[in-house]
Structure formats: C-alpha cells, structure tokens
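>>> Output the structure for:
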Amino acid sequence: MINFKEDEYISHLNHSCAHMLAQAVKHLYPNAKFWVGPVIEEGFYYDIDLGDDVISIDDLPAIEKEMKKLAKDGKRIVRRELSREEALDFFKDDEYKLDLINNMPEDTVITAYSQGDFTDLCRGGHVDTLKECKYFKLTKVSGAYWKGDANNKVLTRIYGFCLPTEEELNAHIAELEEAKERDHRKIGKDLGIYMMSELVGRGLPMYLPNGFIMWNELETYIRNKEIKRGYKHVQTPPLGNVNLYKTSGHLDHYRDAMFPIMQVEDEEYVLRPMNCPHHMVIYGNDIHSYRDLPLRIAEIARDCRYEASGALKGIERVRSFCQNDSHIFCTLEQVESEFKGVVDLILECYKELGIENYRFELSLRDPEDKVKYHPDDEMWNKAEDMLRTVLNDLGIDYVEKIGEAAFYGPKLDVQVKPAVGNEITLSTCQLDFCLPAKFDLSYIDSDGSKKTPVVLHRAVFGSIDRFIAYYLEETKGILPLWLSPVQINIVPVNMEYHTNYAKQVYEELKANDIRCELDLRDEKMNYKLRESIIHKYPITLILGDKEKDNENISYRRYGSEETITVSKDDFITLVLNEIKNKKSI
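Numbers count the residues shown, from 1 in each chain. Sure thing, here's the model as predicted:
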C-alpha cells in the first residue's frame, strides 16, 4: 500500500489536490470556510465548515466533477509571501485562518498559494499546476472536531488521494477494493467473530461464540507450545497499585498510554498496560538459586491502554486486549541461548501458521536521548551486543532501528507484511537489565553470592486480538480446518430420505470433537451449498442415497467444485489428522 507522505512529489501532488478540492467545494458551496488540509499516509483530507450545508458520500461525484474541470483548466499554483498585517487583512472574514495566523510564532514566514480564483493560507509544498492533479479519487466523508477538541464545532472532513498517472490511480483503487474485501472488520462481522458496542465502550471488543472458538484454539495452540518448552503459566489481576508502576518506571515513561489513576479508599490503582511488573513480583515471591534458572513465566493476560478514538481500528487497535506474554528470568550466561529459543519458537509458529512475508528489526536506543532511556551505557552496550551475536549466529537478516528500543532495553521486532496494507509488528523479544534491579530481584549464584537476573520480555502473537485481525485479513476469513469455528457443514440431498443418515454422521463427528453444523432447513440443496460458501466453511458434506447406502461421505472443500467420496471412517481419520497437524491453508 502506498504511503503518500514518503515520496516528496506524491506528497506535494496530494497537498495540491487538497487545495483543488477546497476550490471545488467553494464553487459549489460559496459559504464554505476551510481549516486545514494535510497530506496523510492514505492521501489527503480537508476539514471544512459548510455553515448550514451538508455533504455526504453521495455528493462526492459532483465535487469530483468540479475538480476535474479545475484540473483540465490547469491553473498555475502561485506562491506569495505575506506580512502578518497583510495576512490578517486578506483572511479577515475567515476565523479559521485568523486562528492559524494568530498562533504562528512572530518570526514565521507567512505564505499563501493561489490558483485562479482561490487562495489558501499554506506552508507548501505544491506542484506547478492543477493539471498535474487530474488523477484523483475522493474516498469518504466524516466529521471532525475543530482542532480535535470535542468542545468545538464539528467540521466536515473529506478524504481523497491523487497519483501521477491513470495507471497508478487505477492500480491503487483496485488495491483499496482488495483491502475492503480483506478488512477484518467486515470479515469479523460476516463470520460472527466479534462485536463492538458504544454502550460497552469504544475499543472494547466482545468475542461472539465463533470468535471465542478461534480465540480458544489460538490460546491453546500457543500455550501448548510454551508448556513443551518449559514455560510456567500464571494468572495475575488486570489492575495494580500505582506504586507497582512507579517502581517499574512505567508511570514515568508510559503514563500517556495508561488510563487515569483510580482512588480506592486510601490506595491508588491503575488498569495495567502491560504484565511485566506483576511477573517481577511473582519472581520475587521466592528465593531462587542459579539452578532454578531459566524461569520462564507465561500468561495470556488482559491489558488496557488508552488509545485516542481516532486511532481505534476493529480488533487491530483497541483499548482492551490480551497479550501472549512471557518473561524469562535467566543468568547473563543464559541470555543468548534463551534468546535463540525465543527466535526458534517464533519461526516454528510462523511456519505452521503459513506466515511467510516477514523481516526482523533490532531496535536500539538513541545514545543522544538522555530522557527516554534508562541511563546505563555499559548495560545498553552489553545488551545490544548480545542480541546482535545471536542473530548473526543464526544467520538471520535484520536491520537496526536507532531510537526504537523500549526504555529498559533493546528488542527484536518481527515486522509482518500483510497481503494489503502496511507492515505490523507481530512478535517481539526484549532484553531487560533494568526492571529486575528496580524490583530488587536476585538469585543465589554457585559461589553463594547474590546476583541480579536478566529478563527477556517475549510475545509470539503480540496480542491475540491483533493476531486474529491480521490472520482474518491474510486469509480473507478462509481459515484452516483446525482454526475454523465451524469445520464441517452437513447438507442432506433430500430432507425426507437422507436426514437420518445426516444426523448419524453429525453425531459421530461431534463425538470426535469435530465442530460441525447440520443444515436441516427446508431449502434446496444448491441454496444450502451456496450458503456454505458464503460462510466459508472449510468442508461441506453432501449426503444422498449412495452415501447412505454405503456409509460413505462425499465432500467438497471450500473453493473447489470437486466432490470426493470416501468411507465415513476414512473421512473422520482424514479430518482428525488435518486438525492435529495444524495444516495451514
């Protein structure tokens, strides 16, 4: 997906197109006034005060038509420098531009850009003429508070994008259509995975029965992987005393992402944004010897973080989410082997889940930043060198990202490229010399001395919520058999003659813990088969006379018109093996 801010020419093109949009709106709605029209990653938008007029999505074609006239006319875009007095006089009837001017520093060079009969206050940059802006598309209309303040007036925000050529425009439109089909919010609704409710609260997803099945399968999958690798699972509360986060340092470094402090009697509590402080306390509950290490504590844990309402997106960006979290307490000598074990686990899961398009980023501190990071140069140098050594030994390609480390240590992030859209961070592993010292954690070494353990913070799925969003989009909701909420849909050919056999098959599948549905609706068979496709069931059984008489199963897989017939016992064995082996699609 194109990032319209990355390329300078495309950024200028979209900024100019935003001005062309404003000019077209002014022609059609003479009372319109304009706030700001910036370039964003998806193109551009403009915030507009329409007075008593209203613009909806249905009005965009008329605005596009007027914009095309302006592009065809191809006026030059002319830059002018204005003194503060000239600017205030020129925009004297526009309270929005006056607000911008009055809030500019005294030494600001004020510029305006004109194109024919339209002039806008703007810093630039722009292309030379409107003729360059002829390949554009307006995409949506929404409301936006002036200055983002809920106490201010709601303005009309119109979005769009512009590209240099018709071919690029059409390709991007096609990509956006593909993204719509893959949008986990649409798929999640169609498949009954989750719901949102304003009554419950923004960014607080509720998983429906189908979604819970998918959730539970993923949770069981990763927990079993962890158990085999020696992890010990715990459960901790989703809030904590404010002193817990003062001790960890999160209250200082992470407060903007935390919900407000709650006063309870004589104590202060916060909803937890992460689980590491709780796990530090669990480690500190016992006296540990070097023989106890590494100690791998794991939890599927509910966390809460404040996200601005504009940043929320389905279950990809939420205010309440579950982390597939672990903290590995180990000696300095064990760091490299434990870090390697985490990377091995990530790669194993990706292979089984069919995740192929990913890359590794090693996030390091910015040595010049004396505020964000824990002040210990020796610790940082040692930690960063350790992670480099493991990645180099494993032969893994990675890029270093200066200034992207957590405040307590460097980290490895796995960036996954979805089928559409921008990269997301899926898995992470962070090395931490800082928190164990803050919590005064220790172990008794072989010489009897007390030493501070090192901690690896690790998440394979990241949050299960975000992983489900990613996986729904990656698969278009066509889930592998083991993960599908409904694995088998059973369709009898004739309700009068084949229902009893269909019921028998249904009961046998259920007895083998195979998730199935029996379609006994009074509808034609072909209608039921189409419904099975709409619901994206992995396998559909078609049971008629031959199947009943011979105790066979005839089935079709999703996306195939081939009908395969096998014995009932062989079919059950085939399905169970496919579920057991976690075969990806």
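>>> Which pLDDT value goes with the spatially most central residue of the chain?
Taking CA atoms, centre = their mean, the centroid of the chain lies closest to E316, which sits 3.5 Å from it. Reported pLDDT at E316 in the predicted model: 92.
>>> residues contacting the residue nearest to L28 when sequence neighbours are not counted?
Once flanking residues are discounted, L28 sits nearest to E66: 5.9 Å by CB to CB, 6 or more residues apart in numbering. C-beta here means a position set from N, CA and C on the backbone, and glycine is covered the same way. Going by CB atoms under 8 Å, 6 or more residues apart in numbering, E66 touches 24, 27-28.
>>> Do I have it right that the residue nearest to the centre of the chain meets D183?
No - assessed by CB atoms under 8 Å, E316 is found out of contact with D183, at 9.9 Å.
>>> domain parsing for this structure?
Domain assignment for the chain, taken from automatic domain parsing, gives 8-182, 194-475, 488-580.
>>> sorry, back to before: which ChimeraX command selects the buried ones in the contacts of E66?
Buried members of the contacts of E66, defined by 16 or more other CB atoms under 10 Å, are picked up in ChimeraX with:
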select :24,27
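>>> So which of the contacts of E66 sit within helices?
24, 27-28 (DSSP state H).
>>> Surely A469 is within a strand?
No - A469 is assigned helix when assessed by DSSP: H, G, I helix; E, B strand; the rest coil, not a strand.
>>> tell me the pLDDT at it?
94.
>>> Now do the same contact list for it.
184, 188, 314-316.
>>> From P538, how far off is it?
The gap separating A469 from P538 is 20 Å, by CB to CB, to the nearest Å.
>>> And for V109?
Counting by CB to CB - V109 and P538 are separated by 63 Å.
>>> Looking at the two, which one has more neighbours?
P538 (23 against 9; other CB atoms under 10 Å).
>>> from memory the more buried one sits against S484, does it?
Yes - in this structure, P538 is within contact of S484 by CB under 8 Å, at 5.1 Å.
>>> Which residues are in contact with S554?
S554 neighbours (CB under 8 Å, 6+ apart): 541-544, 546-547, 563-565.
>>> helix, strand or coil for it?
S554 - assigned by three-state DSSP - is strand.
>>> how many neighbours does I572 have?
18.
>>> typo on my end, it should be I101
18.
>>> if I look at it, how far off is N151?
The value you get for I101 to N151, if CB to CB is used, is 22 Å.
>>> cool, and I40?
Distance from I40 to N151, by CB to CB: 24 Å.
>>> Neighbour count for these two, which is higher?
I40 (15 against 7).
>>> check contacts around that one.
4-5.
>>> what sits opposite it in the beta ladder?
G43 (DSSP bridges).
>>> Tell me the confidence at it?
pLDDT, read off for I40, is 93.
>>> ok, back up a step: for K147, state which of the contacts of E66 is nearest.
A24 (24.4 Å; CB to CB).
>>> Run a quick neighbour tally on M495.
Around M495 there are 14 residues (other CB under 10 Å).
>>> for it, what are its contacts?
520, 522.
>>> where does the stretch 151-300 of the chain have low pLDDT?
Along the stretch 151-300 of the chain, no part satisfies pLDDT under 70.
>>> Where do the helices of it begin and end?
With DSSP state H, counting those that start in this stretch as the criterion, the stretch 151-300 of the chain has helices at 166-182, 184-190, 209-228, 242-248, 250-253, 276-283.
>>> most packed of those?
helix 276-283 (a mean of 22; mean count of other CB atoms under 10 Å).
>>> packing partners for that one?
helix 242-248, strand 295-304, strand 320-330, helix 435-438, strand 454-463 (3 or more CB pairs under 8 Å, 6 or more residues apart in numbering; DSSP states H and E).
>>> Could you give the number of residues near the residue nearest to M195 when sequence neighbours are not counted?
Among residues not flanking M195 along the chain, M206 sits closest, at 5.3 Å (CB to CB, 6+ apart). M206 has 12 neighbours, counted by other CB under 10 Å.
>>> wouldn't M206 be in contact with S197 here?
Yes - contact criterion CB under 8 Å: M206 and S197 qualify, at 6.9 Å.
>>> For C276, state which of the ones in helices among the contacts of E66 is nearest.
For the ones in helices among the contacts of E66, the nearest to C276 is A24 (52.4 Å; CB to CB).
>>> I'd guessed that closest one sits against L70; true?
Yes - look at A24 against L70 with CB under 8 Å: they come within range, at 6.1 Å.
>>> Would you format the domains of the chain as a markdown table with distance to I2 included?
Formatted as a markdown table, those follow (distance: least, CB to CB, whole Å):
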| stretch | distance to I2 |
| --- | --- |
| domain 8-182 | 6 |
| domain 194-475 | 10 |
| domain 488-580 | 29 |
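>>> who wins for proximity to M1 among these?
Closest among the domains of the chain, once you apply CB to CB, is domain 194-475, at 5.1 Å.
>>> Between the two ends of the closest one, how far is it?
From its first residue to its last, domain 194-475 covers 17 Å (CA to CA, to the nearest Å).
>>> Going forward, the N-terminal residue is numbered 32.
Sure, I'll start counting at 32 from here, so that last one is domain 225-506.
>>> how far does that domain sit from the chain's center?
A distance of 16 Å separates the C-alpha centroid of domain 225-506 from that of its chain, computed with CA atoms, centre = their mean, to the nearest Å.
>>> Stretch 563-572 now?
27 Å.
>>> Pull the residues that contact it.
222, 508-512, 515, 517-522, 533, 536, 548, 550, 560, 584-589, 606.
>>> So which bits of that stretch are buried?
For stretch 563-572, by 16+ other CB under 10 Å, it's 563, 566-572.
>>> Could you do stretch 570-587 as well?
570-575, 578-579, 583-587.
>>> pLDDT weak spots in the chain?
Across the chain (using pLDDT under 70), the flagged ranges come out as 401, 615-616.
>>> again, only this time at 80
Scanning the chain with the threshold set as pLDDT under 80 gives 32, 398-408, 410, 437-439, 451-453, 614-616.
>>> Now do the same contact list for E504.
Contacts of E504 (CB under 8 Å, 6+ apart): 213-215, 218, 449-452.
>>> Swap in 10 Å and give it another go.
Listed by CB atoms under 10 Å, 6 or more residues apart in numbering, the contact partners of E504 are 210, 212-219, 345, 347, 449-452, 455.
>>> D151 contacts A63, doesn't it?
No - under the criterion of CB atoms under 10 Å, D151 makes no contact with A63, lying 11.9 Å away.
>>> Give me the common contacts of those two.
53, 57, 77.
>>> List buried residues within the residues you listed.
By neighbour count, with 16+ other CB under 10 Å, the shared contacts of D151 and A63 hold 53, 57, 77 as buried.
>>> and the closest residue to the last one other than its chain neighbours, how far is that from R154?
In space, Y77 comes closest to G68 once its chain neighbours are excluded; the distance is 3.6 Å by CB to CB, 6+ apart. Relative to R154, G68 is positioned 12 Å away (CB to CB).
>>> who has more neighbours, these two?
A count of neighbours by other CB under 10 Å puts G68 above the other of G68 and R154, at 21 against 12.
>>> any idea how far Y76 is from that one?
7 Å.
>>> picking that back up, could you verify my assumption that the residue nearest to M226 touches W246?
No - with contact defined as CB under 10 Å, M237 does not count as touching W246 (11.4 Å).
>>> quick one: which of the contacts of E504 is nearest K256?
Nearest to K256 among the contacts of E504, with distances taken as CB to CB, is I455, at 21.0 Å.
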